[in-house]
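Chemist: need a 3D model of the sequence below.
(3 chains)
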Amino acid sequence: MPRRGDVIGLGLFVVFCVVFPLVAPGSLVNVGVYAMIYAIAATGLSLLMGLAGQVSLGHAAFFAIGAYAQAILVTRYDLYGVLAAVVAVVIAMVVALLVGIPLLRLRGHYLALATLGLGIIVTVLATESEFTGGTSGIYGIGKPEFNSRTYDSPQEFFWLLTPFVVVAVLLARNVVQSRIGRALGAVNDSEVAAETLGVDTFRLRLQVFVLSAAYAAVSGIFFAHWLAVVNPNTANFPLSVKFLLMAVLGGLGTVWGAVIGAFGVEFLDEGMRELIPVLVPGAVGEVQLIGFGVVLVVIVVFLPGGLHQAWRMVLARVRRPSGDVSEGRAEATEDDSPVMVREGRPVAGSVLLEVRGLTKQFGGVTAVDDVTLDVRAGEILALIGPNGAGKTTCFNMVSGVLAPTSGTVKLNGVRTDGRKPHIFAQLRATRTFQNLQVFRSATVLGNVMVGRHLRARSGLLRGMLVLPARAEERAVADAAYEVVRLVGLEGERHRPAGELPFGRQRLMELARALAVEPDLLLLDEPMAGLSSSERRALARLLRRLRAGGMGIVLVEHDVEAVLALADRVAVLDDGRLIALGSPEEIRTDPAVVAAYLGVDEDDTAARAAARELAAQVEET
Amino acid sequence: MSDLLQLIFSGLSIGAVYALIAVGFVAIFTVSEVINLAQGEFAALAGLVAISAVGSGMPLPVALVVAIATVTVVAVVMERVTVAPVKRLTTLTSIILTLGVSTVLKALMLLIWGPEGKGLTPFPGGDLLVFGVSIRAQELWILGIAAVVAAAVWWFYERTIVGKALRACSEQPIAARLVGISPKLATMLAFGIAGLVGAIAGVIASPVYFSSWDSGLSLGLKGFVAATLGGLVSIRGALLGGVLLGVLESLVAGYVDTGLRDAVAFVLLIVVLVVRPAGVFGRHAEARV
Amino acid sequence: MGPRNARRLAAGFAVLALGLTACAEDAGGDSTAEDQSGPIKIGAVLDITGAGATLGVPERKTLEMLAKQVTAAGGIGGRAVELVIEDNQSTEDGAAKAVNKLVSQDKVDLIIGASRTGPSLAMRPIAESAKIPMISLAANAKIVDGSQWVFKTAQNDKVVLEDIVDQAVAKGWKSIALIRDSSGFGEGIGEMLTELGAPQGIKVVRTEKFAPDATDFTAQMVNIRNAKADANLIWGIPPAAGLAQKAYKQLGVTGAVIQSHGIGNQAFLDSAGPSADGLTAPLGRLLVADQLTADDPQKKVIEKFVADYKAAYPGESPSTFAGHAYDAFQLAVTALGQVGTDGQKLRDQLEGVKGFAGVSGVFTMSATDHSGLDKHALAIVTVENGAWKLLDANR
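Modeler: As a prediction, this is how the structure comes out:
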């Protein structure tokens, strides 16, 4: 949706692009041409690093692939420039896909160095192959010609590039604000939480990787036409470093940042080339690397958000604080009717979750030992036990966060043990976390909207084009609002999630999970940090959800509240399931009492005392 | 046959250099989870400093000590000035940070020593011919010194309190702090070790493999690949990885195509990372949830 | 993106615009193409840093020295000579950027450069579309093939190989093993050698490659050793060529060793050390000027150049690369003195050069040959006790 700020910014940029070649001296326009060319690649890298959180030290590899493909198609096969460009971009994307599938499974620094290796491999292949012209490469690439006008002066080329840069930035901005952008932003804050909400992290990252390769290829295509020579140096490491610097300087993931970074770096380069020989006589050229290195270090240490962060800091000084965004807390409803009913949900009483022989061993320690239980639709199952009993570990295994050592987990008959959490979510099950996994970079509403990820379908392409996804985005926002209202957070929905008190954050996590419209909900200590009135409201909500047919598993330390709420209770101690039954049965089970009080079962006197204690508990 | 031996031997020689650089990567990574992209520059800088020291009249052993000491100090300063002040050291920031330092070092080396490659005076000794294999004295020095350093590093991490404390830092940072080991001090020490080992690699390699302002890139990357073969956490794995890489490179260059030499390291990296991310020689590490 | 981003952009571009106006330069005056009164501008794009630095630095020194000499002598036709030197950092896009600046901003009358093939190829289309004569200092014939405006002063690889084939014929060598630089300098050498050697029954039996910055040649030399060729040709520039020479001797490769014309400087002798003794190479006469006969047409030119260079840069001797720069500058200055700065006239004049005795050889250009040097441009040289020694004057 074009907003007023966007239009202004865009307008300013276009004005700048029109005016700059007219007023600036020729050599600076030349530098500007390179800045525009590289800005496209830098935008792609900024997306990859900022949005998908993946460092690529080999971005120049795709730049070179685009450049070479274009060069070969245009000079050797006489293909029409625009057609060749399309083919070249597709080639780069295919390579990115093939390379990304194995590489994107790697953790951050492995990916970084693997991409560095990719850049070197591309250089080596380009050097060795006759097809790519060996070390001389391909030369004699013509300048672009449209409507019988050849774009060969720096001014004309600069203007030719302008619409492409604008479109590149707009598309990138659209991605950031789309469903995909939201999902990846969540991944950056908490990958595990995003996964449990249904975000297929690997697939999304792969898509952004391929997209960033396309950006780099477009950049390379323009480079090929501008320089008229493409050779193995085009994929070199210093260029990848330059792209990195551009993205980091402007501010990762901030879409205009890459363009500003590109201009900044190119002018910095030029400026230092003029300056350093003056400062250090006899030193020429490549020593501007000093400046690059220093800028990189300074930014990371002092200004990790790049120029964008500096700008925001300036703005924050200048602006008045925007006032409390809260709209006051909502009144607690006295409504008891069923809520979040879903058609097609398994019938109440039927088995949703089957856990058989679930076991987890960490080295020599058995954290969970052969746990077997069922959870039915329309019931609340409480999972209690002393600290360290293995409750959260069970949750982790059931929801796919951890792979069991042995045992099976079936959801609606489908095995989910050892599979990733987003599979669990796709099967309409999700969870909350004992150690909150809040998406700090989003508002409350934003957090809950991530929960709607699986209830929408817009992918990267629709996200980029915005219009096809608009209706869906509105629906997502509306649905999220409804859930926020349900838990009573709508007064604070625009507040940054990190600012909420602990208890409210818990509610938000619950809302987020509910937004998935799950049939099965695992809640890990949802009541911790809530006031007693809030606990009552939550308990009422849970009852309403149960009435609507949801199956809920509840880990809670507030044993009284849980015994009042649950239909059945499972007790874990030392990783083993020591009791499973109705709350009354559990209350009086000597093994349970012994577990909580640590009493030997054979000690009659102690047992008697334990029984008395249990009776006292029952009375209160 | 003597061809094969010749290739293997020359591979062992460069492999020993890779191995030492790999140790530097492991030393820092195990303590702070930082991949030090400037590791190769430590080696290059040491070589160049030694060359200048010799050029200014110092006897070779003194020049070596000066070079090694200088680079060790540089490494520690790097940690104090760039790594320690960063509040949130994610993978992304640590890569960019060390990349920045690497770039600055490269540019400084270019500024001070110029663009051409230079070789340090070879260490004393004559060339040998053994079973048809031509062996340069420097290569024997490389193997010998690398072996001694490797043994010393192993002894440090396995048998001394300080070394064991460093390992504790990486495995259980909070527990380590509780018993009085300061993670900040540990990181500083780790960088110092990395600088020391990298510098030694640089000076022993310089007479044969030459030092220049950009020789650090290749050395650093290959050292990293070698370290990866040990899962980035195993010293022994890094050492074996380095030697394996060197020999593999030499064999591929000799029997397949000399142009593919540099590609070997990266193909190996990608294969290892995809097939067995914990490294060929490392233990299988569990993700901590 | 909200209003604050828009303001951010606005400020950013305002700063940028201010910065630009601050460093806006006078766009080089408004000299028209036919301005005959201002200084004559010669632009040079050289590989001063980066991979080609061993070439670019002596070339730069030569050009600066010669420009001073010309100015001291009163310029050309009363007009001062202004030399503008740019560093392309040994990269193609650096060369293109540099030549763009020379053409559009400095408005030079003639371009010299680059030191190596790749950057020269990048510069060529720009010089051609601006219709400004360009004299390259690089080796590959591709640079001038089919070009109207580009010339070169370094010998084509072909003539160097012709000399080597002649030598092989004279010595009765039938098989040659080739170890060549994998960059542009060494590309295509094997094919060309095979083509030239075929009529004489000379075969290339093995080809090995090395990276220009390689320091370990074990793999290559082991394979070369096994090829047991009559002669082995090392084709590269120092330091790699020198280290290859060392490895050659160290690994006990049999057969004669030939080097290329790329070793014509002290850096080679330094990196090869005592192992250089006994090699042969077709080299510029610069290195053996003192051993030339008195009637050699190049002797005087070379001796003056060497003396001037040593005087201007004490403790240094010029390399063959410096010689290429000398030739380019002298050709340019002579032509400029004869026809002035009109581009077309300059080009025609350069194309018509005949019998011009330079440092790299005696130049005779033509419409089909913008290199102007044949195989007699080089002498066959060997190394004895660490010094260059003339073997065959090759006239």
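
Chemist: could you count how many residues lie near the residue in the stretch 401-550 of chain A positioned nearest to chain C?
Modeler: Residue nearest to chain C within the stretch 401-550 of chain A: A:Val466 (12.9 Å; Cβ to the nearest Cβ). Backbone N, C-alpha and C define where each C-beta goes, glycine included. Under the neighbour criterion other Cβ atoms under 10 Å in any protein chain shown, A:Val466 is assigned a count of 19.

Chemist: please apply the same query to A:Trp159.
Modeler: For A:Trp159, the number of neighbouring residues by other Cβ under 10 Å comes to 17.

Chemist: which residue ranges of the stretch 151-300 of chain C form helices?
Modeler: Secondary structure of the stretch 151-300 of chain C (DSSP state H, counting those that start in this stretch): helices at C:157-171, C:189-197, C:218-227, C:240-250, C:266-272, C:299-312.

Chemist: my bad, should have said the stretch 351-500 of chain A
Modeler: Assignment of helices within the stretch 351-500 of chain A using DSSP H, counting those that start in this stretch yields the ranges A:391-399, A:421-426, A:444-451, A:460-465, A:470-487.

Chemist: which strands and helices sit next to the first one?
Modeler: Which is helix A:391-399. Judged by 3 or more Cβ pairs under 8 Å, 6 or more residues apart in numbering or on different chains; DSSP states H and E, helix A:391-399 is in contact with strand A:351-362, strand A:365-376, strand A:380-384, strand A:406-411, helix A:421-426, strand A:429-431, strand A:520-524, strand A:551-555.

Chemist: just the second one next, same as before
Modeler: Using 3+ Cβ pairs under 8 Å, 6+ apart as the contact criterion, the neighbours of helix A:421-426 among helices and strands are helix A:191-196, helix A:391-399.

Chemist: how far is stretch A:190-201 from where the chain is centred?
Modeler: Averaged C-alpha coordinates place stretch A:190-201 at 8 Å from its chain's average position (Cα atoms, centre = their mean, to the nearest Å).

Chemist: just to revisit the earlier point, need the helices and strands packed on helix A:391-399 in JSON lines (columns: mean pLDDT, mean neighbour count and distance to C:Asp342).
Modeler: Shown next, in JSON lines, are those (pLDDT from 0 to 100; neighbours: other Cβ atoms under 10 Å in any protein chain shown; distance: least, Cβ to Cβ, whole Å):
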{"stretch": "strand A:351-362", "mean pLDDT": "91", "mean neighbour count": "18", "distance to C:Asp342": "85"}
{"stretch": "strand A:365-376", "mean pLDDT": "90", "mean neighbour count": "18", "distance to C:Asp342": "88"}
{"stretch": "strand A:380-384", "mean pLDDT": "91", "mean neighbour count": "24", "distance to C:Asp342": "93"}
{"stretch": "strand A:406-411", "mean pLDDT": "92", "mean neighbour count": "18", "distance to C:Asp342": "85"}
{"stretch": "helix A:421-426", "mean pLDDT": "91", "mean neighbour count": "23", "distance to C:Asp342": "72"}
{"stretch": "strand A:429-431", "mean pLDDT": "91", "mean neighbour count": "29", "distance to C:Asp342": "80"}
{"stretch": "strand A:520-524", "mean pLDDT": "92", "mean neighbour count": "25", "distance to C:Asp342": "85"}
{"stretch": "strand A:551-555", "mean pLDDT": "91", "mean neighbour count": "25", "distance to C:Asp342": "90"}
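
Chemist: ok, which of these comes nearest C:Glu384?
Modeler: Between C:Glu384 and the helices and strands packed on helix A:391-399, the tightest spacing by Cβ to Cβ is seen for strand A:351-362, at 74.3 Å.

Chemist: got the angle for that closest one vs strand A:551-555?
Modeler: Interaxial angle of strand A:351-362 relative to strand A:551-555 (axes from the mean of the first three to the mean of the last three Cα atoms, to 10 degrees): 30 degrees.

Chemist: alpha carbons only: can I get strand A:351-362 in PDB?
Modeler: Below are the C-alpha coordinates for strand A:351-362, written out as PDB (Å, rounded to 0.1, in the frame of the first residue of the first chain):
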ATOM      1  CA  VAL A 351      -7.900 -39.100  20.000                       C
ATOM      2  CA  LEU A 352      -5.900 -36.100  18.700                       C
ATOM      3  CA  LEU A 353      -2.400 -36.900  20.000                       C
ATOM      4  CA  GLU A 354      -0.900 -40.300  20.500                       C
ATOM      5  CA  VAL A 355       2.400 -40.500  22.400                       C
ATOM      6  CA  ARG A 356       4.000 -43.900  22.700                       C
ATOM      7  CA  GLY A 357       7.100 -44.800  24.500                       C
ATOM      8  CA  LEU A 358       8.600 -41.400  24.200                       C
ATOM      9  CA  THR A 359      12.200 -41.300  25.500                       C
ATOM     10  CA  LYS A 360      15.000 -38.800  25.500                       C
ATOM     11  CA  GLN A 361      18.500 -39.400  26.500                       C
ATOM     12  CA  PHE A 362      21.200 -36.700  26.700                       C
END
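
Chemist: format the helices and strands packed on helix A:421-426 as a markdown table; extra columns: mean neighbour count.
Modeler: Written out in a markdown table, the entries for those read as follows (neighbours: other Cβ atoms under 10 Å in any protein chain shown):
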| stretch | mean neighbour count |
| --- | --- |
| helix A:191-196 | 23 |
| helix A:391-399 | 25 |
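
Chemist: so where is the stretch 51-200 of chain B shaky, pLDDT-wise?
Modeler: Under the criterion pLDDT under 70, the flagged ranges of the stretch 51-200 of chain B are B:170-171, B:173.

Chemist: cutoff 80 now
Modeler: Of all residues in the stretch 51-200 of chain B, those with pLDDT under 80 make up the ranges B:87-92, B:114-116, B:167-184.

Chemist: where does it come near chain C, residue by residue?
Modeler: By Cβ under 8 Å from any Cβ of the partner chain, the residues of the stretch 51-200 of chain B that approach chain C are B:110, B:114-117, B:119, B:127, B:134, B:136.
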